[in-house]
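K.L.:
Next one to model:
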Amino acid sequence: MMTGKQRLEKEVTLELRNKYIGPSCKLFYRDDPLKILRASGTYMYDEKGHRYLDCINNVCHVGHCNPYVVSAAMQQMAVLNTNSRFLHDNLVLYAERLLTFFPKELCVCFFVNSGSEANDLALRMARTHTGKKDVITLDQLL
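P.N.:
Numbers count the residues shown, from 1 in each chain. Just a heads-up that it's a prediction; the model follows:
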């Protein structure tokens, strides 16, 4: 177990990942995967200090380590950290505020935890709306 500021060499991290992380969880750039140590704003930084513009992760819309987002998350987690299947004022008040930015026809929110959940929900909604089950997908290996 690592403590403090101890940092593993990239090769050791890769070896441990191959041992403990399931093989279906693929790495980007398999021949020479990036070992990202930190991020700030729209950039990520590797173990050598090289800077990469992050156009792929799920945080592009707010940036990494955005002080406002970090503060809001810390405040909320100090009160309650659970899913949306319980009643809580913040959830409904946020939905109400969010919907003011959309046409009145878009009048409900579906909060999800990830892009995968969003895609799954979109498929279920499309199937419900159309009554059809067929989909077309594109698959490209990295």
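
K.L.:
For the rest of this, base every contact and every neighbour count on C-alpha atoms.
P.N.:
Will do.

K.L.:
Show me the chain divided up by domain.
P.N.:
The chain breaks down by automatic domain parsing into domains covering 8-81, 82-130.

K.L.:
Which among those domains is found nearest to residue 140?
P.N.:
The closest of the domains of the chain to residue 140 is domain 8-81. By C-alpha to C-alpha, the value is 12.9 Å.

K.L.:
Including distance to residue 136 and mean neighbour count, could the domains of the chain go into TSV?
P.N.:
Below are these laid out as TSV (distance: least, C-alpha to C-alpha, whole Å; neighbours: other C-alpha atoms under 10 Å):
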stretch	distance to residue 136	mean neighbour count
domain 8-81	22	12
domain 82-130	11	11
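
K.L.:
export the ones you listed to TSV and tack on mean pLDDT and distance to residue 140?
P.N.:
Listed next are the domains of the chain as TSV, based on pLDDT from 0 to 100; distance: least, C-alpha to C-alpha, whole Å:
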stretch	mean pLDDT	distance to residue 140
domain 8-81	90	13
domain 82-130	91	17
